[in-house]
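Peer 1: Next input, structure requested:
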Amino acid sequence: MTGRLEPFEPSNKGKVSVYVCGPTVYDYSHIGHARTYVSFDVIVRYLEYKGYKVTYVVNITNIDDKIVARAKETNEDPLALSKRFEQAFFEDMKEFNLRPADFYPRVSDHIQDIVIMTEGLIEKGVAYVTDGDVYFDVTKIQDFGKLSHQNLDQMMAGARVEIDRKKRSPHDFALWKRSDKGEPGWDSPWGKGRPGWHMECSAMSMKYLGPQLDIHGGAKDLIFPHHENEIVQSESYTGKKPFVKYWIHTGFLTIDGQKMSKSLGNFITIRDLLKKHSAESFRLFVLSTHYRRPVDFSDEGLTQAEATLERIYETRDRLKNLIKSNACRESKGEERLLEEMAEAKEKFLMGMENDFNSAIALASFHELIRLGNRVVDLKPSKRVSEVALATINELGAIFGLFQREKEQLAVSDEVKALIEERDRARKRRDWKKADEIRERLRKMGISLRDSPDGTAIVVEG
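Peer 2: The predicted structure follows:
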């Protein structure tokens, strides 16, 4: 709101309320969604690391115009369609090892809360009824536009704001929409209808977190009109300001410098992503950029992240093996190593304290990995090795790493087919063919490590 860094002071000492706008479940989630939810996952993890008790809410928009339109295309019941894609959303998010939200409220389960709030806004004189629809009258609000730093005269009707002759002003927005014949609807004082998109978040956030929130966020494109509208309807209803103390918005994700779009043929769903790359490498990739900045996706960037992740795991495994062995001994330079690890940890935490700057923190984490390898090479006392491993695990957990044992990295069907073909060539002792395939894979950034237990895949940097 202020456009500058502010000290973080939650309304209730030791407790933090966080509300993040969730998906509209009419299609499969894309990698832009993943960028946002990974970013907030790390923010919530860090707050909990700092000792705060966090209540985290992510809503599910399971009824709105896009869902109704898609259901007509597929000849499905809108709620059945949204249920199907909601389940897909949860399956996708599980792949990224996200800390589950404490509540995932659905719009269809909170119709009465939305109706009550809409009635309250009409009573307060800031909303009006016209032909079964209810609109918020933005001309009654003096500070409308304060989040996007616009005034009413500068504004155009934004995305997802219908231009309707029934409105008193083109900037007014729907709190309740009359349902047409054949569309889903719920009973209300104004007839059968469904909630306006903006209204659901105000009603549900208040239901679970109260009238004022510590942190509210989502992707940058929600600032206007969605979050702007949330502010005016919430503050008008409760009479309490501010509705939100700290607004957090993630930057856009582009594909090779272009906006992701189905029309451009560069639209990547999470399921498409996971056919070629691991979810954990995507986490590492997006965390290398501050959450507010745009991040440019490319296969090359993900391949590099895979290689970096492999090195991190290798360092961790080397430390574990060193601790299990009897090779540890007192060595000169141990105290300096401990000091350097403490300094790297401090820089990591300083990065996270600076507006959750994961890019700074990740640079310090890489320094810690480098120190971990120095520990293995030096083979110092067991105490030093255990500190190195514990520090890597501790900070890695903030990033959501190391939650499961090391798994074979995700590879495409093409790579799997080439590996199978190479295995058949080796079995018939066609070493020339096997070497040709190995070289072809190497040029694709994939190297193979053969052992009596089978072939391991290593994604190279």
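Peer 1: low pLDDT regions in the stretch 301-450 of the chain?
Peer 2: In the predicted model of the stretch 301-450 of the chain, residues 403-412, 443-445, 447, 449-450 satisfy pLDDT under 70.
Peer 1: Mind doing that once more with 50?
Peer 2: For the stretch 301-450 of the chain, residues meeting the criterion pLDDT under 50 lie at 406-409.
Peer 1: Now do the helices in it.
Peer 2: 334-353, 358-378, 382-398, 413-427, 431-443 (DSSP state H, counting those that start in this stretch).
Peer 1: got the angle for the shortest one vs helix 413-427?
Peer 2: With axes from the mean of the first three to the mean of the last three C-alpha atoms, to 10 degrees applied, the angle from helix 431-443 to helix 413-427 works out at 150 degrees.
Peer 1: Give the buried residues for helix 431-443.
Peer 2: Buried residues in helix 431-443, counted by 16 or more other C-beta atoms under 10 Å: Ala434, Ile437, Arg438, Leu441. For every residue, glycine as well, the C-beta is placed using N, CA and C.
Peer 1: Just the closest of those residues to Pro294, please.
Peer 2: Nearest to Pro294 among the buried residues of helix 431-443: Leu441, at 32.5 Å, using C-beta to C-beta.
Peer 1: who touches the nearest residue to the closest one once chain neighbours are set aside in this structure?
Peer 2: Closest residue to Leu441 apart from its sequence neighbours, by C-beta to C-beta, 6 or more residues apart in numbering: Leu418 at 5.9 Å. For Leu418, the contacting residues are Ile437, Arg440, Leu441, by C-beta atoms under 8 Å, 6 or more residues apart in numbering.
Peer 1: distance of the first one from Arg422?
Peer 2: Yep, that's Ile437 we're talking about. To Arg422, Ile437 is 4 Å away according to C-beta to C-beta, to the nearest Å.
Peer 1: With Lys240 instead?
Peer 2: With C-beta to C-beta as the criterion, Lys240 and Arg422 are 66 Å apart.
Peer 1: Between those two, which is the more surrounded one?
Peer 2: Arg422 (22 against 11; other C-beta atoms under 10 Å).
Peer 1: Which residues are in contact with the more buried one?
Peer 2: Shown in contact with Arg422 (C-beta under 8 Å, 6+ apart): Lys433, Ala434, Ile437, Arg438, Leu441, Leu448, Thr455.
Peer 1: Closest to Leu309 out of these?
Peer 2: Nearest member of those to Leu309, counting by C-beta to C-beta, is Leu448, at 17.8 Å.
Peer 1: Show me what that closest one bridges to in the sheet.
Peer 2: Legend: beta-bridge partners of Leu448 under DSSP bridges are Ile457.
Peer 1: so it makes contact with Leu441?
Peer 2: Yes: with contact defined as C-beta atoms under 8 Å, Leu448 counts as touching Leu441 (6.5 Å).
Peer 1: just to revisit the earlier point, adding distance to Phe8, write the buried residues of helix 431-443 out as TSV.
Peer 2: Shown next, in TSV, are these (distance: C-beta to C-beta, whole Å):
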residue	distance to Phe8
Ala434	57
Ile437	54
Arg438	52
Leu441	48
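Peer 1: farthest-separated two in the residues you listed?
Peer 2: Ala434 and Leu441 (10.8 Å).
Peer 1: Sketch out the helices for the stretch 1-150 of the chain, chain order is fine.
Peer 2: Under DSSP H, counting those that start in this stretch, the stretch 1-150 of the chain gives helices at 31-49, 65-74, 78-95, 111-123.
Peer 1: Go through the longest one and flag the buried ones.
Peer 2: Yep, that's helix 31-49 we're talking about. Residues of helix 31-49 classed as buried by neighbour count (16+ other C-beta under 10 Å): 31-47.
Peer 1: how far does it sit from the chain's center?
Peer 2: The chain centre lies 5 Å from the centre of helix 31-49; the measure is C-alpha atoms, centre = their mean, to the nearest Å.
Peer 1: what pLDDT, on average, does that helix get?
Peer 2: Computed over helix 31-49, the mean pLDDT rounds to 97.
Peer 1: Who are the packing partners of it?
Peer 2: Taking 3 or more C-beta pairs under 8 Å, 6 or more residues apart in numbering; DSSP states H and E as contact, the helices and strands that helix 31-49 lies on are strand 15-20, strand 53-58, strand 213-219, strand 244-250, strand 253-255, helix 270-273, helix 279-287, helix 382-398.
Peer 1: CA atoms of stretch 322-335 as CSV?
Peer 2: This file holds the C-alpha atoms of stretch 322-335, laid out as CSV (Å, rounded to 0.1, in the frame of the first residue of the first chain):
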residue,chain,number,x,y,z
LEU,A,322,31.2,-38.9,6.4
ILE,A,323,29.4,-38.8,9.7
LYS,A,324,28.6,-42.5,9.4
SER,A,325,32.2,-43.3,8.7
ASN,A,326,35.1,-43.3,11.2
ALA,A,327,37.1,-40.9,9.0
CYS,A,328,36.3,-37.8,11.0
ARG,A,329,39.2,-36.3,13.0
GLU,A,330,40.3,-33.1,14.7
SER,A,331,41.7,-30.8,12.1
LYS,A,332,43.2,-27.4,11.9
GLY,A,333,40.8,-24.8,10.6
GLU,A,334,37.7,-26.3,12.2
GLU,A,335,36.8,-23.2,14.1
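Peer 1: Would you mind listing the buried residues in that stretch?
Peer 2: Those would be Leu322, Cys328, Glu334, for stretch 322-335 by 16+ other C-beta under 10 Å.
Peer 1: May I see those arranged in a markdown table, with distance to Trp186 as well?
Peer 2: What follows is the buried residues of stretch 322-335, written out as a markdown table (distance: C-beta to C-beta, whole Å):
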| residue | distance to Trp186 |
| --- | --- |
| Leu322 | 63 |
| Cys328 | 67 |
| Glu334 | 68 |
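Peer 1: Of those residues, which is the nearest to Gly51?
Peer 2: Glu334 (30.4 Å).
Peer 1: residues contacting the nearest residue to that closest one once chain neighbours are set aside?
Peer 2: Once flanking residues are discounted, Glu334 sits nearest to Pro380: 4.7 Å by C-beta to C-beta, 6+ apart. By C-beta under 8 Å, 6+ apart, the residues touching Pro380 are Cys328, Arg329, Glu330, Ser331, Gly333, Glu334, Leu337.
Peer 1: Name the member of those residues with the shortest distance to Ile215.
Peer 2: Nearest to Ile215 among those, with distances taken as C-beta to C-beta, is Leu337, at 37.6 Å.
Peer 1: Roughly how far does that closest one sit from Val375?
Peer 2: 6 Å.
Peer 1: and which of the contacts of Leu418 is nearest to Asp214?
Peer 2: Among these, Leu441 lies closest to Asp214 (C-beta to C-beta), at 49.3 Å.
Peer 1: From what I see, that closest one and Ile419 are in contact.
Peer 2: Yes: counting by C-beta under 8 Å, Leu441 touches Ile419, with 7.4 Å between them.
Peer 1: Need the overlap of contacts for the two.
Peer 2: Counting by C-beta under 8 Å, 6+ apart, the residues touching both Leu441 and Ile419 are Leu448.
Peer 1: Just the buried positions in stretch 240-260, please.
Peer 2: Those would be 243-251, 253-255, 260, for stretch 240-260 by 16+ other C-beta under 10 Å.
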